[in-house]
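Enquirer: Task: produce atomic coordinates for the following.
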Amino acid sequence: MTRGLLNWAGNITYGAARIHRPAGIEELQEVVAGSDAIGALGTRHSFNEIADRPGGDLVSLEGLPAAFELDPERGTVTVGGGVRYGELSRWLYGEGYALPNLGSLPHISVAGACATATHGSGVANGNLATAVSGLELVTADGEITVLGREKDGDRFAGAVVGLGALGIVTRVVLDVVPAFEVRQYVYENLPWARLEEHFEAVLSAAYSVSLFTGWSGPGIDQVWVKRREDESGPWEATPRWLDATAAPADRHPLPGISAVNCTAQMGVPGPWYDRLPHFRLDFTPSSGEELQSEYLLPRRHALAALRALDEIRDAIAPVLQISEIRTVAADDLWLSTAYREDVVAVHFTWKKDWPAVSRVLAVVEESLEPFEARPHWGKLFLMGPERLNSLYDRLPDFRRLAADLDPTGKFRTPFLDARVLSS
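Expert: Residues are numbered from 1 along each chain as shown. Just a heads-up that it's a prediction; the model follows:
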C-alpha cells in the first residue's frame, strides 16, 4: 500500500494503490505485464505529480542489482535504474573515472534525473541526460527493449528524456571521462551592473558556475565557481573579482544557514563528485520544507529575462528562499529543456506555501513568456499544453513514440495526459 507516501518535499501524496519492490528483472517484468497503470517511483524528488499513478501501481527499483559495469574501451559505465548519482560517483572515482557533470544534489537517481532533463551547470556541459548512450526498458508488454545512441539514432534521442511515459528504465549506459579534481570558490555581492557588463565572462569563468540571488538586494548574493585543476583560462581566484569579494569561509546558498552540509569551498581541491554538487551525499541538504520551480530559456535571451524578473522582484522575494542561475549546453534530445539551444536556467526554491507560490508563478511565467522559457519537467509550473506544444517541436514525434512503446497507455498519468501526451 502507498497510503500516506509523500514525495521528498511533502507537497505530493501519492495516489497509487500499490507499491512493488521487485528483487530482480524477471519479477519486474511480471509486475509490469500484469498491471493496467504503472510507473517508476525513483527517489521521489519531483515536486509535481509526474511520477504518480492514481489507483495504479508504483515500482521501486531500489531492490534491483546496482550492477556497475565499466567498459574502458568504449568509455562507458552501465548501472541499474535505481542507482543514485552519489553511489555511482564514488565507485567511478575509485576506478579512475568521472561523469562529465552532476546536479546540485547527489541524492537523486540516475534514471529519474535523466528522464526529466535534470542538470548541473557549465557553458560547455549538457544536462545529465546527454551522458546517456544506452537504455534498457521494460515496456508495456513486460518485455525488455534496448535502445542505443548509435543504432537507434533519432528514436533514441526521443527516448532518453522519456518522462516515465515509455517504460520502466532498468539499466542506463553513461559516457565517462578520466577522473579529475575541482577547486570551489564562492564570491559574494556581485553588482548587477558588473554582471550585465561581463555576463558571458562570469558564466564562462570555470567548468561550472552558479549564481545565487534572493531578488531582494542590489546584486547577486553569491557566485559559486567550480574550476577543474587541469582547466586553463584567464580567470584566477583573487580576493576581489568584478567588485565581488571572496567569501572568508564556506557558505550555504541560504544566508545564515550552516555550510556543514555543503561541499568544500575555499579553493580546497577535491574529487569531482565532491565539488560539482552543492551538497554532500552523506548529509541531507534540507528537511524538504520547500517547493521548487525552474525555467530554462535560450542564453541569447538571458539578460533580458533577468531584467524582466528583476522588475517583479517585489512579488518574488516574499515567498522565495533562494534563486539559482546556471547554464546548460544545447543537445538533440527531443524533450530536453536545452533542445538545440544553449540555455540559462533560473531556479526558484520557494517557501512551502503553494497558494502564495502559485500566484507568483503566474506572474513569473507571464514575465518569461517572451523569452521562450521552458519549465523543468519535475518541478512546479502552471504552463498548459498549448504553450508547451509551442516550445517543443518534437512533441508530436514523442507522442507517436509513446504510442508505439505503450499502446495501451499503462505508463500514462494524469500529469502526462494533461501536459504532454494530448495534442
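Enquirer: who touches the residue nearest to the spatial centre of the chain in this structure?
Expert: Most central in the chain under Cα atoms, centre = their mean is Thr118, positioned 1.8 Å from the mean C-alpha point. Listed by Cβ atoms under 8 Å, 6 or more residues apart in numbering, the contact partners of Thr118 are 103, 108, 112, 127-129, 376, 378. To be clear about C-beta, it is placed using only N, CA and C from the backbone, and glycine gets the same treatment.
Enquirer: between the residues you listed, which is closest to Val328?
Expert: Val328 has its nearest neighbour among the contacts of Thr118 in Asn127, at 5.3 Å by Cβ to Cβ.
Enquirer: okay, now that closest one: neighbour count?
Expert: Asn127 has 29 neighbours, counted by other Cβ atoms under 10 Å.
Enquirer: again with the one 5 residues further on
Expert: Neighbour count for Val132, taken as other Cβ under 10 Å: 25.
Enquirer: pretty sure it is touching Gly162, no?
Expert: No. Val132 sits out of contact with Gly162 when judged by Cβ atoms under 8 Å, with a separation of 10.3 Å.
Enquirer: Would you map out the domains in the protein?
Expert: Under the assignment automatic domain parsing, the domains of the chain span 69-178+398-421, 181-385.
Enquirer: Relative to the whole chain's centre, how far out is the longest one?
Expert: Domain 181-385 has its average C-alpha position 13 Å from the chain's average C-alpha position, going by Cα atoms, centre = their mean, to the nearest Å.
Enquirer: average pLDDT for it?
Expert: Domain 181-385 shows a mean pLDDT of 95.
Enquirer: Please identify which of the contacts of Thr118 is nearest to Val59.
Expert: Nearest to Val59 among the contacts of Thr118, with distances taken as Cβ to Cβ, is Gly112, at 12.2 Å.
Enquirer: Please pull up the helix or strand immediately following the helix or strand where the closest one lies.
Expert: Assigned by DSSP states H and E, Gly112 belongs to helix 110-115. Moving toward the C-terminus from helix 110-115, the first helix or strand encountered (DSSP H and E) is strand 132-138.
Enquirer: could I have the longest helix belonging to the chain exported to CSV, CA atoms only?
Expert: Looking across the chain with DSSP state H, the single longest helix is helix 354-368. C-alpha atoms of helix 354-368 as CSV (Å, rounded to 0.1, in the frame of the first residue of the first chain):
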residue,chain,number,x,y,z
TRP,A,354,1.6,26.6,-2.5
PRO,A,355,-1.3,29.1,-2.7
ALA,A,356,1.2,32.0,-2.5
VAL,A,357,3.7,30.3,-4.8
SER,A,358,1.1,29.6,-7.4
ARG,A,359,0.1,33.3,-7.5
VAL,A,360,3.8,34.3,-8.0
LEU,A,361,4.3,31.6,-10.6
ALA,A,362,1.6,33.1,-12.7
VAL,A,363,3.5,36.4,-12.7
VAL,A,364,6.8,34.8,-13.3
GLU,A,365,5.5,32.8,-16.3
GLU,A,366,3.9,35.9,-17.8
SER,A,367,7.2,37.8,-17.4
LEU,A,368,9.2,35.0,-19.0
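Enquirer: For Lys226, list each beta-bridge partner.
Expert: Beta bridges link Lys226 to Gln184, Ser208, judged by DSSP bridges.
Enquirer: so who does it touch?
Expert: Neighbour list for Lys226: 121, 182-184, 206-210, 275-276 [criterion: Cβ under 8 Å, 6+ apart].
Enquirer: and which of these is nearest Ala193?
Expert: Val209 (18.4 Å).
Enquirer: And that closest one, how far from Gly167?
Expert: In this view, Val209 and Gly167 are 36 Å apart by Cβ to Cβ, to the nearest Å.
Enquirer: the more surrounded of the two?
Expert: More neighbours surround Gly167 than the other of Val209 and Gly167, with 29 against 21 (other Cβ under 10 Å).
Enquirer: thinking the more buried one is in contact with Asp141, fair?
Expert: No. The criterion here is Cβ under 8 Å, and Gly167 misses it with Asp141 at 9.8 Å.
Enquirer: Tell me the residues that contact both of these two, please.
Expert: When Cβ under 8 Å, 6+ apart defines a contact, no residue borders Gly167 and Asp141 alike.
Enquirer: What helices and strands are in contact with the helix holding Gly112?
Expert: Under the contact criterion of 3 or more Cβ pairs under 8 Å, 6 or more residues apart in numbering; DSSP states H and E, helix 110-115 touches helix 85-94, strand 168-175.
Enquirer: Serialize those to CSV and add fields for mean pLDDT.
Expert: As requested, the helices and strands packed on helix 110-115 are exported to CSV (pLDDT from 0 to 100):
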stretch, mean pLDDT
helix 85-94, 94
strand 168-175, 97
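Enquirer: Alpha carbons of stretch 117-133, in CSV - could you do that?
Expert: Taking Å, rounded to 0.1, in the frame of the first residue of the first chain, the C-alpha atoms of stretch 117-133 are listed here in CSV:
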residue,chain,number,x,y,z
ALA,A,117,16.5,16.5,-18.1
THR,A,118,17.8,17.4,-14.7
HIS,A,119,21.2,19.3,-14.9
GLY,A,120,24.2,20.9,-13.3
SER,A,121,25.9,23.9,-14.7
GLY,A,122,28.6,24.9,-17.2
VAL,A,123,28.5,26.6,-20.6
ALA,A,124,30.0,23.5,-22.2
ASN,A,125,28.1,21.0,-20.1
GLY,A,126,24.9,19.4,-21.3
ASN,A,127,22.2,18.2,-18.9
LEU,A,128,22.7,14.8,-17.2
ALA,A,129,20.8,13.0,-19.9
THR,A,130,23.3,13.9,-22.5
ALA,A,131,25.7,11.4,-21.0
VAL,A,132,23.3,8.6,-21.7
SER,A,133,24.4,6.4,-24.6
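Enquirer: Quick one, grab the pLDDT at the nearest residue to Ala17 once chain neighbours are set aside.
Expert: Once flanking residues are discounted, Ala17 sits nearest to Gly55: 5.4 Å by Cβ to Cβ, 6 or more residues apart in numbering. At Gly55, the model reports a pLDDT of 93.
Enquirer: is it fair to say Gly55 lies in a strand?
Expert: No. Counting by DSSP: H, G, I helix; E, B strand; the rest coil, Gly55 is not part of a strand but coil.
Enquirer: what separates it from Gly270, distance-wise?
Expert: 47 Å.
Enquirer: More neighbours: which of the two?
Expert: Between Gly55 and Gly270, Gly270 has the larger neighbour count (other Cβ under 10 Å), namely 16 against 11.
Enquirer: Cool, thanks, talk later.
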